[in-house]
Structures are given as C-alpha cells and as structure tokens.
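Q: Build me a structure from this.
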Amino acid sequence: MKKILTLLFLFLGVLKVTAQVSVSAALDSTSMLIGDQINITLTITCDKTVELQNADITALDTLKAIEILKISNQQEVKKSPSGRLIQQKITITSFTEGVYNLPQIRIPYVKDGKEGSVYAPTLMLEVKTFDVTEATELQPIKNIIEEPVTLRDFLPYILTGLALFLFAGLIWFIIKRNQKKEAFAEFEKKRLPAHVIALKKLEKLNEAELWQNGEIKLFQSQLTFILREYLENRFEIRALESTSDEIISALKNADIDPQVTNELRNILQTADLVKFAKSEPPLEVHDQAFQNITRFIQATAARLNESEENTENKVSTDTGNSTHD
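A: Next up is the predicted model:
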C-alpha cells in the first residue's frame, strides 16, 4: 500500500507541469538470506522533453559483497501530456553476511540539448545467514527402513534372464540350421550316382513283371519315368517336366549318338501312345524298350571314383544281375 501511495504521489507531481527530473529507489525488502535475489526499483519522474539514459551502476559495482545479476530496460509506467513516470529494476544478490550501505545510483539524462544527472538515495541492506545453534545435539542414528519387495525389484533380473534365454535360443537355432545344412551337403555328396539309381529301379521293375501280367500302361509309365529321371540327374535336362519332343530336342545338345537319340524317341513316343491313346503295341516292344534303356544308361554312366565304384558293386551284389529273361 505504501508503494502504491508513493507512485500515486509521484505521478500527481508529474501532472503539475514540472521541469525537474527526480528519482527514488526502493528495495523489495531491507533484508535477505545469503544467496537470495532482491530487486532495487528506480522510479523516475520527468517531463516528456527529457531523454533518459540507462542507470549508471558504477558505484554499486564497487561493492565486492554485492553481485549485480540483471538490469532491466526502462519501462514507462504512466504518461500524461505534462509528464512521465518511468521505472527500472536492478537485480542483485550476495553471498557474504553483513549490513551494506548501497551507494547512490546516477541517472543521466538530456534536456534541451544539455546533459544532466540525478541520483537515487542510498539504501541499507542486511544479508543474513542461516541460524545454526551451538546447542544443537547430535541425534542417534536411525534404523534403516526396509521397503517392501515388489515385482519391480526383480524386473531387471527377469529381463536379463529373458534376454539370455532368447540369445541362447538364437545360438541353438543357428547351430541346428548349420548342422542341417552340413548334413544335407554330406547327403548330397554321398548320394548314389544317377546310373546306379536308375539300374536299381530297372531291376525292381523287371522283377515286378508288369507287362507280362497285362499291366502295360503301368509298365510304360514307370519305365519312361526311370529314363526321364536319369536324363535329368545325369545330363541336367528338365526331363521330368518336359514333353517327349522337348526331351529329344534337349538331347541333341548332349553329345549323344543320333541313333541312340532316335531309339529314345521311339521309346518315349510308344509310352505316350500307351498312356494317352490306349495303344497296345506288340509284347516284344516292351522288352526291347527295357533293353535299350538299360544299355543307354550303362553306356552313358558317369565315370566313378573308387568309393563310388565300391558303392555300385555293393548295389549290384544286393540286387543281382539285371539280365532280362
């Protein structure tokens, strides 16, 4: 309330057409705790022809115990045709206990081309420290308060264990996948040669005596399947998915005797007629086709290494000779 009355009084003084420049100063409080901040408010009254300049804080800056933190810009609070009321704040602090006499702060101005100055009154500021009583007794050490155990306390261990479990599972998966790849590669490496597989199947087909028992279509189907499978595995021709004409066309690039190629064409065409046209060729055609395919496979068998030759000899021993009666 006191500040409001002071501002009102000063403003009324401005309204009374004065050519004087005056300044007052006030602290937010006359005392402060060490390390706190406090404002010095400068209130300046002047007419509108006066050009004010920023406050000169040189004198205030000489106090080593007082530290200037901030200086605000001059702000016009009130204005009338005959005068102005302007304020400016200076924020200070102190880290040294004591009572300090804040020196006058100079406010320079220019009026009618002439320089002048006015000075704010001195202020008293008391900087207090914290009250530490010498009679303060040391208190006994209190027991540790144990907090209740919750799921959050175990969460880091749970997450760590889960991460380790997932990591171990990933390692196991990679190892198993590599083992399967190695096993498959080993199987591919040890797989029987194409001609051994074909001759073994021919032997089983011969033992079944299908065409002799009237199963001509089944015999031709199995016979040409063995031939197609052998061509695909031995010469890398997509014989299992190709037509007879496509197979014969592919064989022309396989460095096979034209007469043999012609025999294979006849065999495939005869099988197509039996399977799709229900043709019934003479019985000797079936035996001749079997013999021709057998000779073709034996003649075009890939060269074997020693381990493969042992495997082939074992297969031959197990199945006997593939002579057709």
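
Q: And the helices in this structure?
A: 2-15, 58-61, 151-190, 194-208, 216-235, 244-251, 258-276, 283-299, 306-319 (DSSP state H).

Q: how about the shortest one: buried residues?
A: With burial defined by 16 or more other CB atoms under 10 Å, the residues of helix 58-61 counted as buried are Leu60. Using the backbone N, CA and C atoms, a C-beta is placed for each residue, glycine as well.

Q: what does that helix rub up against?
A: 66, 68, 90, 92, 102-106 (CB atoms under 8 Å, 6 or more residues apart in numbering).

Q: Next, the contact list for the residue nearest to Gln222 when sequence neighbours are not counted, please.
A: Spatial nearest neighbour of Gln222, excluding adjacent residues (CB to CB, 6 or more residues apart in numbering): Leu205 at 5.5 Å. Listed by CB under 8 Å, 6+ apart, the contact set of Leu205 reads 219, 222-223, 226, 290.

Q: any idea how far Thr261 is from Leu205?
A: 23 Å (CB to CB, to the nearest Å).

Q: Tell me which of the helices of the chain sits nearest to Glu76.
A: helix 2-15 (11.5 Å; CB to CB).

Q: For Met124, find the nearest of the helices of the chain.
A: That would be helix 58-61 among the helices of the chain, by CB to CB, at 13.7 Å.

Q: and the closest one, how far from the chain's centre?
A: 58 Å (CA atoms, centre = their mean, to the nearest Å).

Q: for stretch 56-66, same thing?
A: For stretch 56-66, the distance from its own C-alpha centre to the chain's C-alpha centre is 57 Å (CA atoms, centre = their mean).

Q: and it, C-alpha only, in PDB?
A: What follows is stretch 56-66, C-alpha atoms only, in PDB (Å, rounded to 0.1, in the frame of the first residue of the first chain):
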ATOM      1  CA  ASP A  56      24.900   4.200 -14.100                       C
ATOM      2  CA  ILE A  57      25.700   1.400 -11.700                       C
ATOM      3  CA  THR A  58      29.400   2.000 -11.400                       C
ATOM      4  CA  ALA A  59      29.200   3.000  -7.700                       C
ATOM      5  CA  LEU A  60      27.000  -0.100  -6.900                       C
ATOM      6  CA  ASP A  61      29.500  -2.300  -8.700                       C
ATOM      7  CA  THR A  62      32.300  -1.200  -6.400                       C
ATOM      8  CA  LEU A  63      30.800  -3.200  -3.500                       C
ATOM      9  CA  LYS A  64      32.600  -6.600  -3.600                       C
ATOM     10  CA  ALA A  65      30.000  -8.300  -1.400                       C
ATOM     11  CA  ILE A  66      27.100  -7.300  -3.800                       C
END
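
Q: so where's the stretch 201-325 of the chain uncertain?
A: The stretch 201-325 of the chain contains residues with pLDDT under 70 at 303-325.

Q: and if we set it to 80?
A: By pLDDT under 80, the low-scoring segments of the stretch 201-325 of the chain are 252-255, 302-325.

Q: ok, back up a step: take the helices of the chain and write them to CSV, including distance to Gly35.
A: Putting the helices of the chain into CSV (distance: least, CB to CB, whole Å) gives the following:
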stretch, distance to Gly35
helix 2-15, 25
helix 58-61, 19
helix 151-190, 38
helix 194-208, 95
helix 216-235, 92
helix 244-251, 97
helix 258-276, 105
helix 283-299, 103
helix 306-319, 92
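
Q: Deepest-packed of those, please.
A: For the helices of the chain, the largest average neighbour count (mean count of other CB atoms under 10 Å) is found in helix 216-235, namely a mean of 20.
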